[in-house]
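> model this:
(chains A, B and C)
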Amino acid sequence: MTDKPVNNRAWFFVLPVLGFVLFSSIIPTMTVVNYSVQDTLGANSFFWNGDQWFRDLLNPATAIGARFNDALFRTLAFSLVCLLIEVPFGIAIALCAPRKGWAVGISLVVVALPMLIPWNVVGTIWQIFTRADIGLFGAALTGMGLHYNVTQEPISAWTTIVVIDVWHWTPLVILLSYAGLRAIPDAYYQAARIDGASRWAVFSKIELPKLQKVLVIAVLLRFMQTFMIYTEPFVVTGGGPGSATTFLSIDLDKIALGQVDLGNAAAMSLVYNLITLTVCWVFFTIMTQLERRRDA
Amino acid sequence: MTRITLDRIAHSYGDNPRTEADYQLKPLQHVWEQGSAYALLGPSGCGKTTLLNVISGLVIPSEGRLLFDDVDVTHLPTEQRNIAQVFQFPVIYDTMTVAENLAFPLKNRRLPRLVIDKRVAEIAKMLDLTADLGRPARGLSADAKQKISLGRGLVRSDVSAVLFDEPLTVIDPALKWELRSKLKAVHRAFDLLMIYVTHDQIEALTFADKVVVMNDGRAVQIGAPAELFYRPEHTFVGYFIGSPGMNFMPAQVDAKRARVGSHEFDLGADYTDLPKNRSIQVGVRPEFVTLTSGPGLPVQVRRIADLGRKRLAYVNLGDHPIIASVPHEMESVGDTANISIDPANTHVYVADVRQQGAPV
Amino acid sequence: MTFVLNHVGLEVSGVRVIDDICLALEPGSLNILLGPTLAGKTTIMRLMAGLDAPTSGRILLDGNDVTGLPVRKRSVAMVYQQFVNYPSLNIYENIASPLRVVGLTKSEVDARVREAARVLRLENLLERMPAQLSGGQQQRTAIARALVKRAGLVLLDEPLANLDYKLREDLREELPRIFSRTGAILVYATTEPSEALLLGGATITLREGRVTQAGPTSHVYRDPANIDAARVFSDPPLNELAVTKRGAAVVDAKGRPLAQADVLSEAPDGAYRLAFRADAASLAPAGNDRMTFPGKVVVTEISGSESFVHVDVGVGTWVCLVPGVHERTPEQEVVVHVDAARVLAFDAKGQRVGATASAPAPADVNPGEKR
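Numbering: from 1, shown residues only, chains lettered A, B, ... in the order given. Purely as a prediction, here's the structure:
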């Protein structure tokens, strides 16, 4: 019910939040915008540079443009690989999870455990875990005669980052899918049994369609997180070997803080931000469309 | 498949039932025949859903056997029982069209395409779904969706029984008239054993050949709608069937006469050897108690309710409130009036059970 | 306090949901909003309560304009279809909850709660928690909470819709007695004609956000002003027959002449619609002045005390009332006897023709029936 009294003084309660948002996001963003249209010769003297930083960035012929293109491609590839593994894997585990009895609580806690560990701790754990000399994972692979070395082999480095992300975040997909599956009324399963449906038919005709909405949310969340991945490659591979794991966020960090190239970094972060916003908007549109189709 | 036998079926959700009160479903012995429609009718918590679940295989009864023909299916899972079921809320497959939904149970059993198409067309015609066959099932209204569920339950011609679990719950009141007649037409068109669970007397009485009235885990009467109305075997049946229900008055019965308070009236039969020391009640439906301008039992009139097609008088006979019918031709009613009670439709109940009197 | 809706309308994103409603409700009156789902009953109640503001027209309370006044500042209580009670409070505290915020003394609160509990027969349940009560008892608690406020306007939105039919019957019988003591303006929404008849008072029939008729309940039932009001106030559905009048002859859609169509004797030539309820049609001859139609039985519906036989008469399917429980075999040939005195006639626009008493126009109705 929407039986709420109308009182215009309520707007005053929003003021602190407005102030907070102003200081936490609007002012910093404006600073970045400011940097993105100026150049400096050092000694704190800035001059107007127009849209030159953006032109360079979006032109693959320039050095910065090529670098940005590579990093963007790498990041998108990483997101895609992670999604392709985590979503089917998460649904599969959610389907196997117990639905009733004492095992429900235990299995959910065990599944959720990786999500409770902070990013940098995850990075550190895996950095040690994958060392070829003392790390269990690294030593085991090396012992099996594989060329596994995170700091020297690009494939090793890539695989490791993907494995970390899958280990860390598949639980989110599992929990969301599990909640979605639990929300399907028993009558559907019973009807399917009576209709003589196979296990595959139950999955494809009942479970998957009913999971649709939940999965859109899961894909959105996982895409955003993988697209903005920073801590794990920073701690485990440092973006290397070479630039094999230099994703957009790592590259941005290198340009802004490593080279103190503020103009390029500012332009890059704004474009990065715009890409993220666009993807959000696309997902939001898909979700509302789904909703409308359901109501129609 | 021809019949379902309930052989002393009883169920308790607890582990060690000791007394009768521990059973949510009390021992029941009955045979249900093909071609008939049965309704399980009772208030919520009366055990009707438990009984339906025993038949569908969701609940394994703690006692007794369930036979489909002569095969013991008590412990068989749902899918091996060869039954169809329509649920309280419409169950449809979102991604399929209406036609695909209807064909689904047949497709899973690998019937030839031609047979499936023919049967689907037949069912769709029966349920007025022909125009919607090509549409996605997802976008339809609740009653159309429930018709699809209904169709999926009826599409297989080889089922032992079709079970209905309060299928009209989500249907708009104005459309219930239509769907009720549809269900009845379906029952006539197909030679199936149908079992219908409901708490709504209109649905039960309209749909079923035999109604099982349940209360507190017990089947208190199994009979045709007219029997439940004219000869309720238990006071609960008298109360539950009919709007308003039967009038009951504590009475003393002496052979062919009943005495309520200081008033005496005739009974339609001779009740000479009634059990002693048990509570005796006389029951008569409001339809058979009429206000009269002629001689009768004097009553105080509390209220007259005008229901449009009939008028009811809420009156007191001595201390006992009863409901009487007001005849069409009676214009106005004062504070006191006389009532006449139809002896042929007056029954005597001892400890809630109807007694059979000797014909006079 | 007199409560007046003056040409009230509501538009939601360009769609007219409520169309030009005029009502005047008196204290102590029981007003029933009767209409099918989506007829606008709940929307009108929300406008009355002040939960929504109308986009046109004015709402007056004792002559004062309260159109934009928020619900907090009005003296309104509401009962919903769902049983809304505080699950963590016992029944006593649930009933007392509206009084806690107005700052009454402890003894005043106690007196009022016990009075409301007595009227609604909840005295023995005051210590229980809502979850321990049946649906009927929970809804009685919600009604007690609405009455204890002594609000000037009490709105009940299909309060019995979620109850089993036996509980519904019991409460329907009690409600007129409970309502008669409040002295408030009561507005009661329902989809069921029988509920409106049992409660009495005044009835306002609705269709698609418009008032089709308003007046004393039995008057609206017996003398519907138009075919919409008649349809809404008929369960089972109204039986209808399209006819054409030419001179003294009245013929149906198949060109068959009708005898006894006296209801149209004064009307000019043209197309009409004759209508009658199930109780005006029987399957056995009874009394005089009967029109007869041959037909075939489609289905019999049994309501518990009555049977409704659906008969296909060639120009449609009609419902006939048979008292008691009697099943008719489908396809059986029968003759429908219609009591000509109870046939209503409507013109091409759906307005009543040859009504015995003219129904008041919606603009100046006063449906409040004083007690």
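
> Wait, residue C:5 touches residue C:48, no?
Yes. Between residue C:5 and residue C:48 there is a contact under C-beta atoms under 8 Å: 7.4 Å. Where C-beta positions appear, they are placed from N, C-alpha and C, glycine not excepted.

> so what's in contact with those two at the same time?
Between them, residue C:5 and residue C:48 share these contacting residues under C-beta atoms under 8 Å, 6 or more residues apart in numbering or on different chains: residue C:59.

> Check the gap between the residue lying farthest from the centre of chain A and chain B for me.
Within chain A, residue A:194 marks the point farthest from the mean C-alpha position, 41.5 Å out by C-alpha atoms, centre = their mean. Computed as C-beta to the nearest C-beta, to the nearest Å, the residue A:194 to chain B distance reads 5 Å.

> Same question for residue C:179.
13 Å.

> what sits against that residue?
Neighbours of residue C:179 in contact, by C-beta under 8 Å, 6+ apart: C:30, C:186, C:199.

> Please list the residues of chain B that sit near chain C.
B:43-44, B:172-174, B:177, B:180-181, B:184-185, B:188, B:199-202, B:205-206, B:225-226, B:228-230, B:239-245, B:285-287, B:303, B:305-310, B:314 (C-beta under 8 Å from any C-beta of the partner chain).

> In strands only, show me those residues.
Cross-referencing those against strands under DSSP state E gives B:303, B:305-306, B:314.

> Selecting buried members of the residues you listed in ChimeraX, what would you type?
To isolate the buried ones among these in ChimeraX, judged by 16 or more other C-beta atoms under 10 Å in any protein chain shown, type:
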select /B:305,306,314
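
> Dump the ones in strands among the residues of chain B next to chain C to a markdown table, plus pLDDT.
Output for those, formatted as a markdown table (pLDDT from 0 to 100):
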| residue | pLDDT |
| --- | --- |
| B:303 | 86 |
| B:305 | 85 |
| B:306 | 84 |
| B:314 | 91 |
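
> before we move on, back to that, which one of the contacts of residue C:179 sits closest to residue C:155?
Nearest to residue C:155, judged by C-beta to C-beta, of the contacts of residue C:179 is residue C:186 at 8.1 Å.

> Quick check: neighbours of the helix or strand containing the closest one in the sheet, parallel or antiparallel?
For residue C:186, the host element (DSSP states H and E) is strand C:185-190. In the sheet, strand C:185-190 lines up against strand C:30-34 (parallel), strand C:153-157 (parallel) (DSSP bridges).

> List the residues that contact residue A:263.
Contacts for residue A:263 (C-beta under 8 Å, 6+ apart) come out as A:35-36, A:38-40, A:49, A:53.

> all helices of the stretch 1-150 of chain A, in order?
For the stretch 1-150 of chain A, the helices defined by DSSP state H, counting those that start in this stretch cover A:15-21, A:27-36, A:52-58, A:63-96, A:103-112, A:119-129, A:136-143.

> Next, give phi and psi for the nearest residue to the residue farthest from the centre of chain A once chain neighbours are set aside.
Nearest non-adjacent residue to residue A:194, counting by C-beta to C-beta, 6 or more residues apart in numbering or on different chains: residue B:85, 5.4 Å away. Dihedral pair for residue B:85: phi -140, psi 140, per degrees, to the nearest 10.

> Report the beta-bridge partners for residue B:85.
Bridge pairing for residue B:85 (DSSP bridges) gives the partners residue B:163.

> Hmm, it is touching residue A:193, no?
No. Using C-beta under 8 Å, residue B:85 is not in contact with residue A:193; the gap is 9.6 Å.

> Looking at those two, which one has more neighbours?
residue B:85 (28 against 19; other C-beta atoms under 10 Å in any protein chain shown).

> can you pull the pLDDT of the more buried one?
Confidence at residue B:85, expressed as pLDDT, is 91.

> Stretch B:260-274: end-to-end distance?
With C-alpha to C-alpha, to the nearest Å as the measure, the first residue of stretch B:260-274 is 17 Å from its last.

> And the lowest-mean-pLDDT helix or strand in chain B, what does it pack against?
Least confident helix or strand, chain B: helix B:173-189 with a mean of 79, by mean pLDDT, DSSP states H and E. Here helix B:173-189 touches helix B:113-126, helix B:142-154, helix B:201-207, strand C:290-302, going by 3 or more C-beta pairs under 8 Å, 6 or more residues apart in numbering or on different chains; DSSP states H and E.

> Now do the shortest one: everything it contacts.
The reference is to helix B:201-207. Here helix B:201-207 has contacts from B:37, B:39-41, B:168, B:180, B:183-184, B:187, B:194, B:196, B:198, B:211, B:225, B:228, B:240-243, C:165, C:299-304, C:325, using C-beta under 8 Å, 6+ apart.

> what residues does chain A put near chain B?
A:185, A:187-188, A:190-191, A:193-198, A:201, A:205-206, A:209-210, A:293-294, A:296.

> Not counting sequence-adjacent ones, nearest residue to whichever residue of the stretch 51-200 of chain B sits closest to chain C?
Closest residue of the stretch 51-200 of chain B to chain C, C-beta to the nearest C-beta: residue B:181 (4.4 Å). Once flanking residues are discounted, residue B:181 sits nearest to residue C:299: 4.4 Å by C-beta to C-beta, 6+ apart.

> residues near the one you found, how many?
23.

> quick one: which of the contacts of residue A:263 has the most company?
Counting neighbours by other C-beta under 10 Å, residue A:53 leads those with 25 neighbours.

> list the contacts for that residue?
Residues near residue A:53 by C-beta under 8 Å, 6+ apart: A:36-37, A:39, A:263-264, A:266-267.

> repeat for residue B:14
Residue B:14 sits next to residue B:22 when contact means C-beta under 8 Å, 6+ apart.

> Okay, it and chain C: tell me how far apart.
Residue B:14 is 20 Å from chain C, by C-beta to the nearest C-beta.

> Can you check the pLDDT for that residue?
78.

> what does residue C:261 give?
With respect to pLDDT, residue C:261 scores 77.

> What count of nearby residues applies to the closest residue to residue C:108 other than its chain neighbours?
Residue nearest to residue C:108 in three dimensions, not counting chain neighbours: residue C:99, with 7.8 Å by C-beta to C-beta, 6+ apart. Applying other C-beta under 10 Å, we find 19 residues neighbouring residue C:99.

> what kind of secondary structure is residue C:99 in?
Under DSSP: H, G, I helix; E, B strand; the rest coil, residue C:99 falls in the helix class.

> Do I have it right that it meets residue C:113?
Yes. The pair residue C:99 and residue C:113 qualifies as a contact (C-beta under 8 Å) at a distance of 7.4 Å.

> joint contacts of these two?
residue C:148.

> Residue 8 - how many residues pack around it?
The chain I'm using is chain A. Using other C-beta under 10 Å, residue A:8 is surrounded by 6 other residues.

> Actually, chain B is the one I wanted.
There are 12 residues near residue B:8, going by other C-beta under 10 Å.

> For it, which residues are in contact?
By C-beta under 8 Å, 6+ apart, the contact list for residue B:8 reads B:27-29, B:63-65.

> Just the buried ones among these, please.
Listed as buried from these are B:27-28, B:64; burial here means 16+ other C-beta under 10 Å.

> pLDDT, secondary structure and distance to chain A for these - can I get that in a markdown table?
Formatted as a markdown table, the buried ones among the contacts of residue B:8 follow (pLDDT from 0 to 100; DSSP: H, G, I helix; E, B strand; the rest coil; distance: C-beta to the nearest C-beta, whole Å):
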| residue | pLDDT | secondary structure | distance to chain A |
| --- | --- | --- | --- |
| B:27 | 88 | strand | 26 |
| B:28 | 87 | strand | 23 |
| B:64 | 90 | strand | 23 |
